[in-house]
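Undergrad: Need a 3D model of the sequence below.
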Amino acid sequence: MKKVELLYGKGVMPIEVPDDAVVIEPRHINGLKDEKAAVVEALRNPLGTLPLKQTVTSTDKVAIVISDLTRPTPNHKLVPWILEELSHVPAENFVIINGTGTHRDQTREEFIQMLGSQVVERIRVINHHCHQTEELSKVGSRTFGCDVYLNKAYVEADIRIVTGFIEPHFFAGFSGGPKGIMPGIAGIETILTFHNARMIGDPLATWGNMNNNPLQLMAREVNQMCKPPKELLALIEDPAFQRFDQWQVQKQAVVLTWADVYMRSELTDEAVRNAMLKPIESVESALAKLRLTYGEQMSVAVLPMGPLTIPYVRD
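TA: A predicted model of the protein is given here:
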């Protein structure tokens, strides 16, 4: 048996797997030696546009959209560096919008964790509320038929800046880029279209695919309506069915049609079973039971960083 560490919560969970288990992990790339210098260089010499500082005047209203606590974007570094580059703009001209999408608000303590106390004390920081129509502005209609609503503070800003990070995404191909706006600061009607059964069920809506992926196409189209430079299964697939965050159930249902899913968590066994999953006490005990079913030649693959990994079969 060999030991492997799986990402779990904010730490890792060590497990033991057979010696012949295949461990599939992303290729490691060393970080930058000087992160700040690289970011400042990018801000001062961007591709296809003027340096950030030259596009912003001291009277401009500036909105900075950040990803919420569910994403490990290093905003505690990025945002202070952006503010430093725009030091000619008064603090009261800035608003930082937490791109919650359909997620919960972050608390002040969480904002301090995400941005640092100096930023939170100086700059107005707000949570996006997708259900609050008074906090949204209509910016257009999509080719798929839904109206497009975005955060009003973002729409009304003169300068719009979006931070984020890139990682594999199981139906949008990759996260980051236009997804910071759509669905990050969109209205619930727009988000429900973005996450509807037809969009999520499209075969091109999958890991690593950016070509003709309907989620990416919609995100890009919505971003063009309010640009970030200065210028302005049976039941689920029923077209009449629409539920809040139905995409989560849909993607799980697709998996459960061809695989059993065993779950090790701190939830009760009843809660796990109610979610149509199989509770286990440990990975090791589950593997031992599965070996009785599949035999000694059972093959095992381990993805310690599952959501960050796209495995390919080599010919």
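
Undergrad: Could you point out which residue ranges in this structure have low pLDDT?
TA: Scanning the chain for pLDDT under 70 picks out 142-144, 227-228, 230-246, 257.

Undergrad: can you pull the contacts of residue 204?
TA: By CB atoms under 8 Å, 6 or more residues apart in numbering, the residues touching residue 204 are 211, 212, 213, 214. For every residue, glycine as well, the C-beta is placed using N, CA and C.

Undergrad: Make sure I have this right: it is in a helix.
TA: No. Counting by DSSP: H, G, I helix; E, B strand; the rest coil, residue 204 is not found in a helix; it is coil.

Undergrad: Residue 174 bridge partners, please.
TA: Beta-bridge partners recorded for residue 174 (DSSP bridges): residue 168.

Undergrad: which ones are touching it?
TA: Applying CB under 8 Å, 6+ apart, the residues near residue 174 are 166, 167, 168, 208, 210.

Undergrad: Export the contacts of residue 204 to TSV and append columns for distance to residue 303 and secondary structure.
TA: Shown next, in TSV, are the contacts of residue 204 (distance: CB to CB, whole Å; DSSP: H, G, I helix; E, B strand; the rest coil):
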residue	distance to residue 303	secondary structure
211	24	coil
212	27	coil
213	22	coil
214	26	helix
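
Undergrad: So which residues of the chain form strands?
TA: Assigned by DSSP state E, the strands in the chain fall at 2-8, 11-17, 22-23, 62-67, 94-99, 124-127, 136-141, 147-151, 159-162, 168-169, 173-174, 262-263, 278-279, 301-302.

Undergrad: Quick one: closest of these to residue 180.
TA: For residue 180, the closest of the strands of the chain is strand 159-162, at 4.2 Å, according to CB to CB.

Undergrad: Just name whatever secondary elements the closest one is in contact with.
TA: Using 3 or more CB pairs under 8 Å, 6 or more residues apart in numbering; DSSP states H and E as the contact test, the elements touching strand 159-162 are strand 62-67.

Undergrad: Now do the helices in the stretch 201-315 of the chain.
TA: In the stretch 201-315 of the chain, the segments counted as helices under DSSP state H, counting those that start in this stretch are 214-225, 234-237, 246-256, 269-274, 283-294.

Undergrad: In the last one, which residues are buried?
TA: Along helix 283-294, these residues count as buried under the neighbour rule (16 or more other CB atoms under 10 Å): 283, 286, 287.

Undergrad: how near is the residue nearest to the second one when sequence neighbours are not counted to residue 265?
TA: Once flanking residues are discounted, residue 286 sits nearest to residue 280: 4.2 Å by CB to CB, 6 or more residues apart in numbering. Going from residue 280 to residue 265 by CB to CB, to the nearest Å gives 9 Å.

Undergrad: more neighbours, the two?
TA: residue 280 (17 against 13; other CB atoms under 10 Å).

Undergrad: By neighbours, which of the contacts of residue 174 wins?
TA: residue 168 (18 neighbours).

Undergrad: who touches that one in this structure?
TA: 174, 175, 207, 208, 307, 308, 309, 310 are the contacts of residue 168 under CB under 8 Å, 6+ apart.

Undergrad: Which single one of these is nearest to residue 47?
TA: Closest approach between the contacts of residue 168 and residue 47, by CB to CB: residue 174, at 18.1 Å.

Undergrad: any idea how the protein splits into domains?
TA: Under the assignment automatic domain parsing, the domains of the chain span 2-27+247-308, 36-235.
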